[in-house]
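Colleague: Just to be clear, the model below is a prediction. Sequence and coordinates:
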Amino acid sequence: MNLLFLTSQVPYPPRQGGALRAWGMISALARRHRMTILSFHDTAEVPPLPPDFGDISLDVVPEPPPRPLSRRLRDLLLGRQPDMALRLESPLFRWRLADQLAAQPFDAVHIEGIEMAPFLDVLERAHPRPRMVFDDFNCEFLLQKRAFLTDLRHPRRWHGALYSLVQWRRLRRYEAGICRRADHVIAVSEADAAALRSLVPGLRPTVVPNGVDVSAYDPGIPPAPGMGENALVFTGKMDFRPNVDAVLWLAGEVLPRIREHVPDVRLWVVGQRPHPRLAALRKDPAVTLTGYVEDTRPYIAGAAVYVAPLRIGGGTRLKLLEAMAMERAVVATRLGAEGYEVRDGQELLLADDAETFAAAVVSLLRDPARRAVIGRAARRFVENHYDWSVLAPRVEALYGGL
């Protein structure tokens with residue numbers, strides 16, 4: 001088939017959630033189909049795609065500048081569209097998409113994420129009209145609902161709660177409309193699929209969870225220098241609100257409890273653009289904020305325990321699959337592990353309150369043999385269920401109209 005992917009960022013090299021998911025699909029499908037990627041890009045230099053992944057071509061459009069604060073406030077107070085429908089509005093992208101559609105017929109167009117949904121109208125006007133597959137890899141209205149309920153408990157964050165309340169209500173309408181217009185909808189978990197069905201009765205989303213190329217995650221790679229034997233690691237884009245909340249809770253509520261039993265424990269927060277709310281953590285000698293790193297795998301390799309203390313968000317977390325593929329012992333909240341059919345105590349440990357989370361981490365730090373057993377079980381779990389060679393056929397069936 002001839003397939004077109006619309007992505008909000010060039011997915012190669014894949015360094016964060018959306019790009020990892022998109023590139024996993026593209027690289028698996030390109031072995032059997034012709035692929036064109038039309039993407040936004042935020043720098044002048046476009047990284048070349050690897051030559052050994054099949055027939056893939058890349059077309060890029062400069063990412064539009066951020067909307068001025070005054071316009072965002074106006075849109076928030078007077079508009080009806082959610083922020084995510086406005087962030088990447090681009091006449092140039094519309095023109096380039098129309099040009100691609102006129103130049104060649106596509107069997108299917110894959111819309112990767114809600115930020116690319118504003119371009120559905122260009123696809124609908126195309127002749128012949130391609131099959132439209134919408135990958136709602138974050139159920140955005142659910143994410144904002146959970147953010148609202150979390151921030152509502154903290155008076156100093158009520159401004160954030162108000163913002164999330166507005167976005168939640170707007171996204172319900174907007175996300176439902178996208179699902180009705182697409183030929184097929186992909187959800188990342190059964191929980192997200194159920195949430196989308198509540199928006200659009202009769203909708204039948206196909207669940208395609210996040211996946212990884214397991215062969216790219218070698219448990220034996222050398223760890224990053226200086227991590228020590230009791231390193232805890234969290235990875236993610238660190239201006240993303242659920243990640244910020246997770247790290248603040250971990251550092252403020254959980255880490256002091258762990259220190260009571262393991263005084264030399266150290267937390268590594270690995271990810272680009274740390275939010276200003278995390279700045280105070282730099283004063284703690286037991287916490288390291290790395291900022292952007294070229295490759296997160298050496299840091300995951302250096303983790304005695306990988307932690308995923310997520311309390312906000314939807315979908316499934318690729319960070320868990322990366323850590324599990326590298327045979328790391330993981331402690332996660334149930335929300336952090338949502339969407340994965342893991343067994344507590346087998347492939348990872350689950351804990352939702354600060355005391356239980358700390359106790360789970362301490363138990364693993366004190367027992368290297370148990371860490372190794374859980375790590376090996378975790379990698380087998382990912383190999384059997386979440387490698388892209390296993391998942392890609394589900395997506396391929398949607399393109400063919402099966």
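Modeller: Thanks, I have it.

Colleague: what pLDDT does residue 341 get?
Modeller: Per-residue confidence (pLDDT) for residue 341: 85.

Colleague: give me phi/psi at residue 253?
Modeller: Main-chain torsions, residue 253, degrees, to the nearest 10: phi -110, psi -30.

Colleague: in this protein, which ranges drop under the pLDDT threshold?
Modeller: 15-17, 43-44, 51-53, 313-316, 401-402 (pLDDT under 70).

Colleague: and it, what are its domains?
Modeller: 2-209+388-399, 215-385 (automatic domain parsing).

Colleague: Let's see the distance spanning the first one from one end to the other.
Modeller: Taking C-alpha to C-alpha, to the nearest Å, domain 2-209+388-399 runs 10 Å from one end to the other.

Colleague: Please apply the same query to the shortest one.
Modeller: Between the opening and closing residues of domain 215-385 we find a distance of 14 Å, counting by C-alpha to C-alpha.

Colleague: ok, longest helix in this protein?
Modeller: Counting residues, the longest helix found in the chain (DSSP state H) is helix 158-181.

Colleague: Alpha carbons only: can I get that one in PDB?
Modeller: Taking C-alpha atoms only, helix 158-181 is exported to PDB below (Å, rounded to 0.1, in the frame of the first residue of the first chain):
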ATOM      1  CA  TRP A 158      -6.400  26.300  41.200                       C
ATOM      2  CA  HIS A 159      -5.400  28.400  38.200                       C
ATOM      3  CA  GLY A 160      -4.200  25.200  36.500                       C
ATOM      4  CA  ALA A 161      -7.400  23.500  37.600                       C
ATOM      5  CA  LEU A 162      -9.500  26.200  35.900                       C
ATOM      6  CA  TYR A 163      -7.500  25.900  32.700                       C
ATOM      7  CA  SER A 164      -7.900  22.100  32.700                       C
ATOM      8  CA  LEU A 165     -11.600  22.400  33.300                       C
ATOM      9  CA  VAL A 166     -12.100  24.700  30.300                       C
ATOM     10  CA  GLN A 167      -9.900  22.400  28.100                       C
ATOM     11  CA  TRP A 168     -11.600  19.200  29.300                       C
ATOM     12  CA  ARG A 169     -15.100  20.600  28.300                       C
ATOM     13  CA  ARG A 170     -13.900  21.800  25.000                       C
ATOM     14  CA  LEU A 171     -11.900  18.600  24.200                       C
ATOM     15  CA  ARG A 172     -15.000  16.400  24.900                       C
ATOM     16  CA  ARG A 173     -16.700  18.100  22.000                       C
ATOM     17  CA  TYR A 174     -13.700  18.400  19.700                       C
ATOM     18  CA  GLU A 175     -12.300  14.800  20.300                       C
ATOM     19  CA  ALA A 176     -15.800  13.400  19.700                       C
ATOM     20  CA  GLY A 177     -16.000  15.200  16.400                       C
ATOM     21  CA  ILE A 178     -12.700  13.900  15.200                       C
ATOM     22  CA  CYS A 179     -13.700  10.300  16.000                       C
ATOM     23  CA  ARG A 180     -16.900  10.700  14.100                       C
ATOM     24  CA  ARG A 181     -15.100  12.000  11.000                       C
END
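
Colleague: got the buried residues for it?
Modeller: Judged by neighbour count (16 or more other C-beta atoms under 10 Å), helix 158-181 contains these buried residues: 160-161, 163-172, 174-176, 178-179, 181. (Glycine included, C-beta is placed from N, CA and C.)

Colleague: which helices and strands sit right next to it?
Modeller: Using 3 or more C-beta pairs under 8 Å, 6 or more residues apart in numbering; DSSP states H and E as the contact test, the elements touching helix 158-181 are helix 120-124, strand 131-136, helix 140-151, helix 190-199.

Colleague: can I get those in TSV with mean neighbour count and distance to residue 29?
Modeller: Listed next are those as TSV, based on neighbours: other C-beta atoms under 10 Å; distance: least, C-beta to C-beta, whole Å:
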stretch	mean neighbour count	distance to residue 29
helix 120-124	16	19
strand 131-136	24	12
helix 140-151	22	25
helix 190-199	18	22
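
Colleague: Out of the ones you listed, which is closest to residue 230?
Modeller: Nearest of these to residue 230, taken as C-beta to C-beta: helix 140-151 at 29.3 Å.

Colleague: residues in contact with the closest one?
Modeller: 82, 84, 114, 157-158, 160-161, 164-165, 167-168, 171-172, 175, 192, 195, 199, 241-242, 245, 311-315, 335 (C-beta atoms under 8 Å, 6 or more residues apart in numbering).

Colleague: that older thread, export the helices and strands packed on helix 158-181 to a markdown table and tack on distance to residue 76?
Modeller: Converted to a markdown table, the helices and strands packed on helix 158-181 look like this (distance: least, C-beta to C-beta, whole Å):
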| stretch | distance to residue 76 |
| --- | --- |
| helix 120-124 | 23 |
| strand 131-136 | 23 |
| helix 140-151 | 13 |
| helix 190-199 | 22 |
